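>>> Following is a predicted model, sequence given first.
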Amino acid sequence: MTTWYAPEPFTAEERERLAPHFTNLEGPVFALVNLPEVVKGALFARYSRTQKSLRRLFLDEFAEQLDGAATPGPVGVKVEKAEQLYERVFFEYGDDSVAQLGGVHLACEQASQLLCKVIEWGRLAAYLEQSTRYMRYDDKPGGRWRLTVPPEIEGTPVGDTYLAFADRAFESYGRMFEPVADLFRAKFPKDPSDSDFIYRSTITAKTCDTLRVLLPAGTRSNLGVFATGQSYEQMLLRMRAHPLAEVRAYSDLMLVELRKVIPAFLKRVDLEDRGVAWSRYLEETREATAEIAGKYTEGVEPGPRGSVTLTDYDPLGEEKVIAAAMYASTDLPDDRLQSLAHTMSPAEREAVLTAYIGERANRRHKPGRAFERTGYRFDVLCDYGAFRDLQRHRLLTLEWQSLTPRHGADMPPVVDEAGLTSEWDRVMEDSAQTWAIVAEHAGEDVAQYAVSMAYRIRFVMQMTAREAMHLIELRSSPQGHPTYRAIARTMHELIDTTAGHRAIAAAMRYVDDTDVDLERLEAERRAETKRRAAESPG
C-alpha cells in the first residue's frame, strides 16, 4: 500500500540514537519522550528556522555520540546547547512564545484555600485540587490541623487567638460530622440494590459537602498543576507581588523546584530589571487602585439584590450569534451578515440556529464559536465554598473581592434539622470576632484566613454564551453542590428572561432543574458499574 507521506530514511546507527526519544521513526506524527523539557522546547523552537525534520534536527544538533547502546533519558543529549538556544531566543530576543514549548507537573501541597485560589488564577494551565467532598477534616496529621497560620501573625498573641479559634472550629466540625451523617442516613435509607461502598461514599460526600464551609479559609489543601514555562512565569510574577506573605513565600518554593526542571524558562523572574520590575508594577497598580477606589466608594451602599445579578448583556446578542453562525458558510462580510440577521423573522433566525446547534446527544456536544459573539456579566454573592468551585472555570473573566464576614453566612438547612444551629452560629460568631482582631493588627488581607467558608464573597463572572452553556450545564448537573446548582439555574433564567436571549437559553438543553437529595449517588452507581465491568472475566 502506498502511503500519502514519505517515510524519512535513517541509518541503523541513527535509529539506535533516535529510538529512546521518539515514539516512532517512520510516520509523520510522533511524540517526544525521555528528554528534558528544555530540549523538547528547543527542538520545537528551531522549527521556525529550519527545513529539517524534528528527528533529523535532533540528530544534527542535539544528540551526542553514544558509546554502546542508546539509553533513555538525558544521557547523550546536548542539554547545554538547548539552554543556550533559550538564552538567545527567549531571554535576549524576548520571543515569549518559545516558553510555551515546555511544561512541568508541579505538586503544591499544604496550601491554604486563599493560596490555592491565587495559584489557580491563570487561564492557561491545568489544576486539580484535593476535594473537600471526599476528605474529612476532623483528624490531625502530624499532630496538627490541616491549617495555615499566616506568617504575618505566627508566633504573636494575635496568632494564638487565630489558632484558638481554628481549634474550636475544627472541633465543632468533628462533633457535627456524625450527627449530620446520621440524619442523612435516616432521611435517605440505603437502596437494597446499592452496595455498602456506594451508600457509605454517598453519605460521606453529602456530609462533607454540608460541613466543609464551617472551616476557615486558612484550611489547607493539596493542588496539582501542569503548565508551560510561560504560564509559570506569569504565575510567579503575580505571586511575588501578592499582599499575603504565604503567597510570596510559596512562590519562592515553586521557583526553586521549577528551576530544577526548566531553569531556562524562568531566568527573568527574579532579575531586577525584568521580573522584579514587573512584579513591582503589579503591586503598585493594585495599591493605587485600592486607594482611589476607596476614595470614591466610601459610604456607598450596595443596595438590595439577589445572589445572582445580570449586570451587562447585549440586547442584539442573539442576532449577532445568528450572523456569526452563518459567517464561515458564506462569502459575505461580517457587518452585512449582521444586517441580514436583523431583518430575519424569528422563524428564520430559529432555523439558522437549529442547524448550527444540531442534535446535541449530551452536554459535551457544544455549538461552535458563533456562541462567543455575545456574552453576559454576572455579579454573584454566595458562600466561599461554592465560589471555590465556580472559580475553577478559567475561560471567562472572574474577579473577586476580599473575603470578610460583612456579607453574612449561609447555613445549610440540614444543620437546623440536626439540632446543631447554636453550635454552627457559635463558629460563625467566633470567626467574625477573630477576623476583626486579626484585621485590626495585621490588616483585612491577612484576616481572610480566619473567615469561615460559609461566609459569602462577592465576585463577578463575565463569559461568552459558549462558556455560559458549558458552565451552566455542568454546574446544574445533579451531582453538583446545591449552592452552585442554584446559581447556575439562576444564570440560565436571567439569560432567558432578562437578556431575552430565549433561543440561546433554549440551546442549553442539558440544564438540570430537578431536585436531588443525594447528589453523588448516581455518579457512584455509574462508577461501580464500570468497576465491576472491568473486574469481570472476558
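Noted; the coordinates are in hand.

>>> Going along the chain, name the helices of the stretch 1-150 of the chain.
12-18, 37-46, 54-57, 79-86, 113-119 (DSSP state H, counting those that start in this stretch).

>>> mind checking which of the ones you listed is nearest Thr204?
Taking Cβ to Cβ, helix 113-119 is the member of those nearest to Thr204, at 20.5 Å. Using the backbone N, CA and C atoms, a C-beta is placed for each residue, glycine as well.

>>> list the buried ones in the closest one?
Neighbour-count burial for helix 113-119 flags Gln113, Leu114, Leu115, Cys116, Lys117, Val118, Ile119 (criterion: 16 or more other Cβ atoms under 10 Å).

>>> What ranges in the stretch 101-250 of the chain fall below the confidence cut-off?
Within the stretch 101-250 of the chain, no range satisfies pLDDT under 70.

>>> try the chain
Within the chain, the segments meeting pLDDT under 70 span 1-3, 65-78, 81-99, 519-538.

>>> Going by length in residues, pull out the top helix of it.
Under DSSP state H, the helix in the chain containing the largest number of residues is helix 157-187.

>>> need the helices of the stretch 1-150 of the chain in TSV with distance to Lys140, can you?
Compiled in TSV, those are given as follows (distance: least, Cβ to Cβ, whole Å):
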stretch	distance to Lys140
helix 12-18	53
helix 37-46	38
helix 54-57	52
helix 79-86	44
helix 113-119	18
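
>>> which one of these lies closest to Ile262?
helix 37-46 (4.9 Å).

>>> hey, C-alpha coordinates of the closest one in PDB?
Provided in PDB are the C-alpha atoms of helix 37-46 (Å, rounded to 0.1, in the frame of the first residue of the first chain):
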ATOM      1  CA  GLU A  37      11.800  19.900  28.900                       C
ATOM      2  CA  VAL A  38      14.300  22.400  27.700                       C
ATOM      3  CA  VAL A  39      15.500  20.100  24.900                       C
ATOM      4  CA  LYS A  40      11.900  19.400  23.700                       C
ATOM      5  CA  GLY A  41      11.200  23.100  23.700                       C
ATOM      6  CA  ALA A  42      14.400  23.900  21.900                       C
ATOM      7  CA  LEU A  43      13.600  21.400  19.200                       C
ATOM      8  CA  PHE A  44      10.200  22.900  18.600                       C
ATOM      9  CA  ALA A  45      11.600  26.400  18.700                       C
ATOM     10  CA  ARG A  46      14.000  25.500  15.900                       C
END
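
>>> which non-adjacent residue is nearest Met235?
Leaving aside its sequence neighbours, Met235 sits nearest to Gly122 (Cβ to Cβ, 6 or more residues apart in numbering; 5.3 Å).

>>> and if you look at Phe226?
Per Cβ to Cβ, 6+ apart, closest to Phe226 is Ala126, 4.4 Å.

>>> Then Tyr313?
Ala499 (4.2 Å).

>>> and the gap between the nearest residue to Tyr5 once chain neighbours are set aside and Ala45?
Closest residue to Tyr5 apart from its sequence neighbours, by Cβ to Cβ, 6+ apart: Pro28 at 4.7 Å. Distance from Pro28 to Ala45, counting by Cβ to Cβ, to the nearest Å: 20 Å.

>>> Likewise for Met461?
Relative to Ala45, Met461 is positioned 36 Å away (Cβ to Cβ).

>>> thinking again about what came up before, so which other helices or strands are in contact with the next helix or strand after the longest helix of the chain?
Heading C-terminal from helix 157-187, the first helix or strand you meet, by DSSP states H and E, is helix 196-211. Under the contact definition 3 or more Cβ pairs under 8 Å, 6 or more residues apart in numbering; DSSP states H and E, helix 196-211 sits against helix 157-187, helix 521-535.
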